[in-house]
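**Student:** I'd like to go over a predicted model; first the sequence, then the structure.
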Amino acid sequence: MQIYLPIAEIPVDPFVVVFMGAAVGFLSGMFGVGGGFLMTPLLIFYGIPPAVAVGTEASQIVASSVSGVLAHLRRKTVDFLMGGFLVLGGGFGSIVGILIFRYLREIGQVEIFISLSYVLFLGIIGVLMLVESMRVLFRSPEKTPTRRKHRSVEWMAAMPFAMRFRRSQLYISPIPPIILGFFVGILAAIMGVGGGFIMVPVMLYVLNMPTNVVIGTSLFQIIFVTAITTILHATANQTVDIVLALLLLSGGVIGAQLGARAGIKLKGEHLRALLALIVLAVCARLVFGLITPPVSPFVIEAGS
């Protein structure tokens, strides 16, 4: 059974696409990540044009992030003031990212740029996650983990317009969150990701936000930034395939529920190590695709 994707302009097996959505949804529910940094490469591996994979995955992230934010709203772990500044920067960043994306597409370099971007970010993040998880797993039992220090950073508090973020227990300038949001907005537009795999570590280790507030606030800004990105991709680049998005969503919803249940049974260190290995495996597959010549390269011959 085949379904024709009107924007991607290729036929696909709907069961395969739904399974891919369920698999990434399972990982998202298990590891607490958006999954865009895994789904977009998988769509490219399956044969979806990179431009369509990026635009369509952004639309799927909006829906999955909404369900996550609702849960965090009930726990009161969303810093709306911090999220607002992240969205402000992310909105401008997504516009810049769309312009870069459109230019790269016009000169025919968007596919290689997307692949290289994923290789760079997945490689760095995968290695850092694996090193950190291995350090925790093999730490001597008598050593107690060091707790993170104070929740305000002097250099950010000394910047202009410093204010108090009560939910995050911070007194800093909104300039760093705006810059962070701007950078993540560019990534969302070019790579089709929510940016949580960049946003969460920076919010934890640079902004020094409490762990219980980070995830909800990150998901809150992801909703608006990816929504802006989706609209811009659909209007400016025509790269959002609604049929593909619906297939991915139908599998992702089920997979996320199963993954959340499975994640409870594993320790956090084991989860991070497993996710790091998956990230590095996807990175290796992208590298293989970049360095391997096509099976049937085009040959230009002189006519008789």
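**Tutor:** That came through fine. Nothing here was measured: the structure is a model prediction, and the numbers come from that model.
**Student:** pretty sure Arg102 is touching Ala236, no?
**Tutor:** Yes: counting by C-beta atoms under 8 Å, Ala236 is a contact partner of Arg102 at 6.1 Å. For the C-beta atoms, the positions are set from N, CA and C on the backbone; glycine is no exception.
**Student:** Quick check: phi and psi on Pro49?
**Tutor:** phi -50, psi 130 (degrees, to the nearest 10).
**Student:** Provide the secondary structure category for the nearest residue to it once chain neighbours are set aside.
**Tutor:** Leaving out its chain neighbours, the residue that sits closest to Pro49 by C-beta to C-beta, 6 or more residues apart in numbering is Ala8, at 5.9 Å. With DSSP: H, G, I helix; E, B strand; the rest coil as the basis, Ala8 sits in coil.
**Student:** pretty sure Ala8 contacts Ile48?
**Tutor:** Yes: assessed by C-beta under 8 Å, Ala8 is found in contact with Ile48 at 5.3 Å.
**Student:** contacting residues for Glu88?
**Tutor:** To be clear, residue 88 is Leu; Glu isn't right here. With contacts defined as C-beta atoms under 8 Å, 6 or more residues apart in numbering, Leu88 is in contact with 178, 181.
**Student:** my bad, should have said Ala51
**Tutor:** Taking C-beta under 8 Å, 6+ apart as the test, what Ala51 contacts is 101, 105, 110-111, 237, 239.
**Student:** Restricted to helices, list these.
**Tutor:** Residues from these lying in helices, with DSSP state H as the criterion: 101, 105, 110-111.
**Student:** ok now the helix or strand where Thr226 lies, how far from the chain's centre?
**Tutor:** Secondary structure assignment for Thr226, by DSSP states H and E: helix 211-232. Helix 211-232 sits 10 Å away from the centroid of its parent chain (C-alpha atoms, centre = their mean, to the nearest Å).
**Student:** now swap in stretch 277-286 and tell me
**Tutor:** 15 Å.
**Student:** mean confidence score for it?
**Tutor:** Averaged across stretch 277-286, pLDDT comes to 79.
**Student:** buried sites along that stretch?
**Tutor:** 279-280, 282-283, 285-286 (16 or more other C-beta atoms under 10 Å).
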